[in-house]
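Colleague: no letters, just coordinates:
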């Protein structure tokens, strides 16, 4: 009888489950994201204008520290598809003087934004007056590449709430199939970003926690003077990430 009483008394202990954590966070998490910027300008370091950026990637995060105020996480990103777009200026010239009729055309990628237009220009060389009519049109050139940001950290604040403001920063590289943002620059560029946003968690589930992150980042690309030209690109990037993990 004594053994049976001990066994019965232990049943409530086995029936009790571990109390749920008050925090909305994960020890390890994975994400799938897309990022886009429609323009570039001299925000901080870059000089190239009118560059677009479109990225598709995955991320991995690991919790390093957590308390009532903040959750600090390591965060790395892999970009199997990174697309960068440069403006292309197409120029057509028709000679008026001294020999009317000769037509020439060429294209190049400018540092600044492309501006379409037309007109007549004149110059003098060795006493001879040259006059020509020109027509400028604009196009775009997309370059595909890949990238990685193995160094990155994120800080989520108010981790007991489903809506959590955050700040973050990353560093890495981007390799493209041709030089960007101009032909004199290199195929290999260094990248870094820093930004802020919000992470919205879904109601807690038994096995995993899911969330959506929306961020605005300052994103910089440059070759660190390893090529003939290094104008750099500054983009303001909007990124949206779906995150899951435990």
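Modeller: Done, it's in. As the structure is a prediction and not an experimental result, all values here were calculated from the model. Residues are numbered from 1 along each chain as shown.
Colleague: can you map out the strands along the chain?
Modeller: 28-37, 52-66, 70-97, 103-108, 117-125, 128-157, 163-176, 188-201, 209-222, 233-245 (DSSP state E).
Colleague: of all those strands, which one comes closest to residue 43?
Modeller: strand 233-245 (3.9 Å; Cβ to Cβ). Just so you know, the C-beta spots here come from the backbone N, C-alpha and C atoms, and that holds for glycine as well.
Colleague: could I get the buried residue list for the closest one?
Modeller: Neighbour-count burial for strand 233-245 flags 233-239, 241, 243, 245 (criterion: 16 or more other Cβ atoms under 10 Å).
Colleague: domain parsing for the chain?
Modeller: 22-86+143-245, 88-139 (automatic domain parsing).
Colleague: most tightly surrounded among the ones you listed?
Modeller: The highest average neighbour count among the domains of the chain, using mean count of other Cβ atoms under 10 Å, belongs to domain 22-86+143-245 at a mean of 17.
Colleague: measure that one end to end?
Modeller: End-to-end distance for domain 22-86+143-245, by Cα to Cα, to the nearest Å: 16 Å.
Colleague: give me the mean pLDDT for it.
Modeller: Averaged across domain 22-86+143-245, the pLDDT comes to 96.
Colleague: centre of the chain to that domain, how far?
Modeller: 5 Å (Cα atoms, centre = their mean, to the nearest Å).
Colleague: 150 is where my numbering starts, stick with that
Modeller: Understood, numbering begins at 150; the last thing we discussed is domain 171-235+292-394.
Colleague: circling back: CSV for the strands of the chain, including distance to residue 195?
Modeller: Converted to CSV, those look like this (distance: least, Cβ to Cβ, whole Å):
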stretch, distance to residue 195
strand 177-186, 12
strand 201-215, 11
strand 219-246, 12
strand 252-257, 19
strand 266-274, 25
strand 277-306, 16
strand 312-325, 13
strand 337-350, 11
strand 358-371, 6
strand 382-394, 3
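Colleague: and residue 276, its phi and psi?
Modeller: phi 80, psi 0 (degrees, to the nearest 10).
Colleague: also residue 353?
Modeller: Dihedral pair for residue 353: phi -60, psi 140, per degrees, to the nearest 10.
Colleague: residue 173 is in contact with that one, correct?
Modeller: Yes: if you go by Cβ atoms under 8 Å, residue 353 and residue 173 touch, sitting 7.3 Å apart.
Colleague: nearest to residue 223, of the buried residues of strand 382-394?
Modeller: The closest of the buried residues of strand 382-394, once distances to residue 223 are taken by Cβ to Cβ, is residue 394, at 13.0 Å.
Colleague: dump the residue contacts of that closest one.
Modeller: Residue 394 sits next to 175-179, 210, 357-358 when contact means Cβ atoms under 8 Å, 6 or more residues apart in numbering.
Colleague: next one: residue 257
Modeller: 237-238, 240, 332.
Colleague: try it again at 10 Å.
Modeller: 237-240, 263, 331-332 (Cβ atoms under 10 Å, 6 or more residues apart in numbering).
Colleague: check the gap between the nearest residue to residue 333 once chain neighbours are set aside and residue 275 for me.
Modeller: Distance criterion Cβ to Cβ, 6 or more residues apart in numbering; nearest residue to residue 333, sequence neighbours excluded, is residue 378 at 3.6 Å. Going from residue 378 to residue 275 by Cβ to Cβ, to the nearest Å gives 32 Å.
Colleague: please apply the same query to residue 222.
Modeller: Distance from residue 222 to residue 275, counting by Cβ to Cβ: 68 Å.
Colleague: repeat for residue 379
Modeller: Distance from residue 379 to residue 275, by Cβ to Cβ: 37 Å.
Colleague: for residue 236, same thing?
Modeller: Residue 236 is 35 Å from residue 275, by Cβ to Cβ.
Colleague: same thing with residue 207?
Modeller: The value you get for residue 207 to residue 275, if Cβ to Cβ is used, is 62 Å.
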